[in-house]
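**Student:** compute the structure for the input listed below.
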Amino acid sequence: MTGATVSVETGRMDDQASATFEASQGDRGIARGLRLAWPRIDPGRMLLVVLAVWAIAIIAPDGYRVFGSLGSFGLVADNDGVVIDTVGPFLTPAQSPAAAAGIVEGDRIDLRAMRCQRVLSSRCKSLLAVLGGLGGPQIVRPRAAIDLVIHPASGGAPKLVHLQAVRTTRGFADRIVLLADTIVGIIVILAAARLVWLRPDRMTWGFFLYAMWFNPGQTYAYYAMLQPWPVAMYAQEFAEALAHGAGYAGLLIFALRFPLDSPSAPLRRYEWLALGVGVVIFGMWLGSFTNAFGEHTETLTSVALLSGYAVDAIAVLVLIARRRSLPAVDGQRMLWVIWGCAIGLPAFIFAELAQSTSLLFSAAGLSLSSAGIGLLYLLNGVLAYFVSVAVTHRRVISVSVPLRHGTILTALSLAVGIPIVNLHELLSHYQDTFPIPEWIWLFVVAPIALVLLQRLHEIGVKLVDRVLNRRFHAARAHLAQAGAAMLGSDADEIDRLLVTAPVDALRLSCGAVFHGRDGTFRRGYAAGWDAGVLTELRPGRDAAALRSLDTHTIVRLPRPDWDGPQLEAHLKEPSIALPIASDSLGTAAIALYGPHINGNDIDEDECEMLADFGRRAVMGYERAAFQGLRKEVAELRARVATLQGSPA
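**Tutor:** The predicted model follows:
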């Protein structure tokens, strides 16, 4: 007997994208592959490539700090030049050049004396080494030297302090977090660029402009490369200010236009305000960099940051307000974006406040470690993932599924990672007794930990989804009961159960069964569809559904091919095709099911349940066919007996 397996194939997701998605699912998940038919290169895509390359180029150099180290003065100053830390990335004050030089918290750099009146002056270079790209922690080239004019916090005359950079040491946790930030940052940029490449419109361009700058990647090493050339530093700061303005404007445009690249009627008149907001934020960020010319800009920087965060909040409110007017399926896509914003935006905001300003320190005395800040930046990658899924998929599964899986993964990562980090720190104190090279931790211990984490994640997901999920158990019990009833039913009753049981158990919008006779599949029992809607499956139009018979797998149907005046847009269209076939019966039927009535797509676990239910249906059809044959044989025997008993 061969029924539908748990594998799932998917068709084309978006008629505007020149891409064909084909997928096959193994015993647990749906693995998707992408075969691209590359469109022509136009000026817009050329600009996209240039911007993506620039965005990657400014974060990729930080990958060097995962395996090597740069230098630091141990001096952290805010954008007014006030010293807020003299230890920096070093473990103790004795290792910090700033602390060794007698600089203490509260001392102030004399910005007027150090200002860049002459761009190539040594004082200008020294100031940019501390405040270039805004205040906060800075990384410099090894053996770099600067001279700073310092006003002591205790009073007295200004003093000239000479500082020589010392190479920093990074812990195992810092290296792992930095590696993750760099990799995820590049992935975020490429994912956002891919959306524009496949679907070049204002909506995807808006999100790309946001993700181009607001991603988990770090820029310390890039700014360290530019420090010897003040003109290059000024150009980068101008580009950074422009990226901030474009990013926030792009986020607003995306919020106004998702998911159909068209703003809702009441909000259409406000779309131009996004450009105005971007210009204002660009101006504030550009002004924040004038501390290199002697201006105190900590307040302006804080206002610029808080203004951007207000834009983030407005974007989320716009998304929430617009979701109410969307159809059910598009409303679920919007819910993915809202949750992505709810996780990614606050995490990025908190990390940026901790890294670039003294606001958290002055307001709450809170100072986060570099690993803690990196983990917060890492959460911002959730936004890009959720947006990518919502844009490229015309139907999405319940957002609670990735949220549960992500929560489990985070908890397990901490449970596995913290002991490994503690072990690394413990062994570092006994390096003479246990001389373990750093590359062992990165290339041996880390991969083993990832494999262990993946296995634990699979077990954790199974426990949460199948042991603690009452709705899942109720649906599976309902389908099991209906499957048992099929074994004693006739073909018509099996047709009815094959449709109504999944529709009722999983709360689906529609379902229908199509039987193959004389090479044509005609509709039998149906629920949720009118009598005249889609009465037969045709080889050309319905090739995706018919392909399920060849693969013996559940096939996800490409949504654009099913949109039409005969089906209620977005909800009454079929979502998956379940083949009903066996070696003894051959091709028996194809069952089509629509998405959930709330707009969510059928997820992987539900596909697994339906595949098992399909196997029960096959057994039912085989039993009904066998009973039919027995009845025919009995009738034939009775007729033969009658003929034999009759006189010649």
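**Student:** what are the phi and psi values for the closest residue to Leu260 other than its chain neighbours?
**Tutor:** Excluding its sequence neighbours, the residue lying closest to Leu260 (CB to CB, 6 or more residues apart in numbering) is Asp330, at 7.3 Å. Where you see a C-beta, it was placed from the backbone N, CA and C, and this is true even at glycine. Per-residue torsions, Asp330: phi -70, psi -30 (degrees, to the nearest 10).
**Student:** measure Asp330 to Val316 for me?
**Tutor:** Separation of Asp330 from Val316 (CB to CB, to the nearest Å): 17 Å.
**Student:** for the protein, name the helix or strand with the lowest mean pLDDT.
**Tutor:** strand 19-25 (a mean of 35; mean pLDDT, DSSP states H and E).
**Student:** quick one: Tyr525 is in a helix?
**Tutor:** No. Going by DSSP: H, G, I helix; E, B strand; the rest coil, the assignment for Tyr525 is strand, not a helix.
**Student:** check which helix or strand Val161 maps to.
**Tutor:** Per DSSP states H and E: Val161 is located in strand 159-164.
**Student:** ok so, going back, I'd say the residue nearest to Leu260 and Pro259 touch.
**Tutor:** Yes. When contacts are counted by CB atoms under 8 Å, Asp330 is listed as touching Pro259 (5.1 Å).
**Student:** if we can go back for a sec, the strand holding Val161 packs against which elements?
**Tutor:** With contacts taken as 3 or more CB pairs under 8 Å, 6 or more residues apart in numbering; DSSP states H and E, strand 159-164 sits against helix 97-100, strand 145-151.
**Student:** now render the ones you listed as TSV, adding distance to Leu209.
**Tutor:** Formatted as TSV, the helices and strands packed on strand 159-164 follow (distance: least, CB to CB, whole Å):
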stretch	distance to Leu209
helix 97-100	38
strand 145-151	35
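**Student:** got these as CSV, with mean pLDDT, mean neighbour count and distance to Ala588 columns?
**Tutor:** Formatted as CSV, the helices and strands packed on strand 159-164 follow (pLDDT from 0 to 100; neighbours: other CB atoms under 10 Å; distance: least, CB to CB, whole Å):
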stretch, mean pLDDT, mean neighbour count, distance to Ala588
helix 97-100, 91, 22, 78
strand 145-151, 92, 20, 80
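**Student:** which one of the ones you listed lies closest to Lys631?
**Tutor:** helix 97-100 (94.8 Å; CB to CB).
**Student:** which residues touch whatever helix or strand comes next after the closest one?
**Tutor:** The helix or strand immediately downstream of helix 97-100 is strand 108-109, counting by DSSP H and E. Identification of contacts with strand 108-109 by CB atoms under 8 Å, 6 or more residues apart in numbering yields 77, 80-83, 127, 130-131, 148-151, 153.
**Student:** how close does Ile494 sit to Arg470?
**Tutor:** Distance, Ile494 to Arg470, by CB to CB: 28 Å.
**Student:** repeat for Ala113
**Tutor:** From Ala113 to Arg470 the distance is 69 Å (CB to CB).
**Student:** neighbour-wise, which of the two wins?
**Tutor:** Ala113 (15 against 8; other CB atoms under 10 Å).
**Student:** that one: which element?
**Tutor:** Going by DSSP H and E, Ala113 is in helix 111-114.
**Student:** now swap in Glu493 and tell me
**Tutor:** Using DSSP H and E, Glu493 sits in helix 491-506.
**Student:** of Asp330 and Val316, who's got more company?
**Tutor:** Higher neighbour count among Asp330 and Val316: Asp330, with 22 against 18, using other CB under 10 Å.
**Student:** show the pLDDT at the more buried one.
**Tutor:** Looking at Asp330, its pLDDT is 87.
**Student:** could you report the neighbour count for the closest residue to Gly63 other than its chain neighbours?
**Tutor:** Of all residues beyond its chain neighbours, the one nearest Gly63 is Thr182 (4.8 Å), with distances taken as CB to CB, 6+ apart. Thr182 sits with 24 neighbouring residues when counted by other CB under 10 Å.
**Student:** pretty sure Thr182 contacts Gln218?
**Tutor:** Yes. With contact defined as CB under 8 Å, Thr182 reaches Gln218; the gap is 7.0 Å.
**Student:** wait, what's in contact with Leu134?
**Tutor:** Neighbouring residues of Leu134 by CB under 8 Å, 6+ apart: Asn79, Ser288, Phe289, Thr301, Ser356.
**Student:** chain center to the helix or strand containing Leu178, what's the gap?
**Tutor:** Using DSSP H and E, Leu178 sits within helix 172-198. In terms of CA atoms, centre = their mean, to the nearest Å, the centre of helix 172-198 is set 10 Å apart from its chain centre.
**Student:** so what are the domain limits for the protein?
**Tutor:** The chain resolves into domains spanning 5-13+471-633, 70-167, 398-468 when parsed by automatic domain parsing.
**Student:** mean pLDDT lowest where, among those domains?
**Tutor:** Among the domains of the chain, domain 398-468 carries the lowest mean pLDDT, a mean of 65.
**Student:** tabulate the contacts of strand 108-109 (a markdown table), appending distance to Gly519.
**Tutor:** Putting the contacts of strand 108-109 into a markdown table (distance: CB to CB, whole Å) gives the following:
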| residue | distance to Gly519 |
| --- | --- |
| Ala77 | 79 |
| Asp80 | 80 |
| Gly81 | 82 |
| Val82 | 82 |
| Val83 | 83 |
| Leu127 | 81 |
| Val130 | 78 |
| Leu131 | 76 |
| Leu148 | 85 |
| Val149 | 89 |
| Ile150 | 89 |
| His151 | 90 |
| Ala153 | 89 |
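**Student:** which one of those is nearest Arg394?
**Tutor:** Closest approach to Arg394 among the contacts of strand 108-109 (CB to CB): Leu131, at 48.2 Å.
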